[in-house]
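Visitor: Sequence isn't available, so here's the structure alone:
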């Protein structure tokens, strides 16, 4: 037990840490109602310094949520100082940099000079790197991080910050050499430019660029004009692959010449764009394959599109030892109902492992009386990061159809346990649609880390008051 927990109710602290890491509004409600919110300060500090989102790219920022938590502990200045220090030492090539910046933006918007200064220092560090990249005609995968940080500073500093970033990007673009291998427009900050034009208007941005006294502004304006006429991905789109090409790739995969994973995307392109005859040929090619890994990759497309052949040839593979093939087969079989599928899926749900696969197999064969078995399985499911997330995602899909009532607390369990904010939002929306969303959860959702959930809760509250 750490020193900060000494004399505290460890059960309450454990629940708080759990809720905070998942981004639940209940953590902020705990801080608001606690007579001693400082007891939670170290848990909040830890969450501020570590990325706790399941998928930061999809879920977005938790800056508002964590800043609010830091303020509520009464130790905001101390926590902010640690975030500033960590940000100064953080490499820009991972999600932690964005995570820390998001928190600092909230402190800066709240009037903090130290956070504002830290953001500008980070920006200067990245902008210097950008200028070197352009000058050397090389590539840098974190240029989008720089654009994001520049837009963060625009949130804090408005048009003045936007003008400075335009000028700085321009100075970097001006360093490009005419004999460089790559065209200058490939280095243009398109995302940043589009965002400030949407916020401030084309006229204001263009008027600033017309000041030709600066080589940087000329470079920015000229490159912007060129970039608007160029595609971001060069080269013509290739024709849709054929069955013959897929079969040739299968042969290469058998010889070990290519990674079998390449078969997945080719098969999906054929199934998505070609005729039903082609789709059947992909299915037959997959069924005829003896190597289980290659078979799984060829059949992968039918997890998203209807399988065009009877289930008979797949049924014998429902419990195959190959993990990828078993997942694909159970997903495909779950698209059509059958009594044997329901019985087998319910048996599989009694095990902690592969609950997500059992739920996929049950999908089309589910009956309302299966809800309690599903709920019990979800509570028993392995909470390993990916396995738990997959199971929570599948149960939402399982209960989504209108003819499937929700009478137990399975969706609330998913809401509280899933590490993924998007799945949590899906659970909230489904509880609302199934009339299983309590007032207490709506109150929590108003303070959720995920802005889409806060928006849903606000709409619900507005509808009730209206």
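Guide: Structure's in. What do you need? Keep in mind it's a predicted model, so treat the numbers as computed, not measured. Numbers count the residues shown, from 1 in each chain.
Visitor: all strands of the chain, in order?
Guide: Ranges of strands within the chain: none, based on DSSP state E.
Visitor: Least confident secondary structure element in the chain?
Guide: One helix or strand of the chain scores below all others by mean pLDDT, DSSP states H and E: helix 385-399, with a mean of 84.
Visitor: name the helices or strands packed onto it?
Guide: Contacts defined by 3 or more C-beta pairs under 8 Å, 6 or more residues apart in numbering; DSSP states H and E place helix 385-399 against helix 355-362, helix 371-380, helix 410-417, helix 421-433. (Each C-beta comes from the backbone N, C-alpha and C, glycine too.)
Visitor: would you turn these into CSV with mean neighbour count, mean pLDDT and distance to residue 281?
Guide: Below are the helices and strands packed on helix 385-399 laid out as CSV (neighbours: other C-beta atoms under 10 Å; pLDDT from 0 to 100; distance: least, C-beta to C-beta, whole Å):
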stretch, mean neighbour count, mean pLDDT, distance to residue 281
helix 355-362, 26, 95, 25
helix 371-380, 18, 93, 36
helix 410-417, 22, 95, 39
helix 421-433, 22, 96, 35
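Visitor: Output those helices in JSON lines; the columns should cover distance to residue 275.
Guide: Listed next are the helices and strands packed on helix 385-399 as JSON lines, based on distance: least, C-beta to C-beta, whole Å:
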{"stretch": "helix 355-362", "distance to residue 275": "27"}
{"stretch": "helix 371-380", "distance to residue 275": "38"}
{"stretch": "helix 410-417", "distance to residue 275": "39"}
{"stretch": "helix 421-433", "distance to residue 275": "34"}
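Visitor: quick one, which of those is nearest to residue 152?
Guide: helix 421-433 (20.1 Å; C-beta to C-beta).
Visitor: The closest one versus helix 410-417: what angle between them?
Guide: Relative orientation of helix 421-433 and helix 410-417, computed by axes from the mean of the first three to the mean of the last three C-alpha atoms, to 10 degrees: 150 degrees.
Visitor: what sits up against helix 421-433?
Guide: 22-24, 53-55, 58-59, 389, 392-393, 396, 399-400, 406, 411-412, 414-415, 418, 437, 441, 445, 448-450, 452-453, 456-457, 460 (C-beta atoms under 8 Å, 6 or more residues apart in numbering).
Visitor: likewise stretch 161-179?
Guide: So stretch 161-179 is contacted by 123, 127, 130-131, 133-135, 137, 150, 153-154, 157, 184, 187-189, 192, 196, 199-200, 205, 208-209, 214-221, 223 (C-beta under 8 Å, 6+ apart).
Visitor: Just these: which are in helices?
Guide: 123, 127, 130-131, 133-135, 150, 153-154, 157, 192, 196, 199-200, 205, 208-209, 215-221, 223 (DSSP state H).
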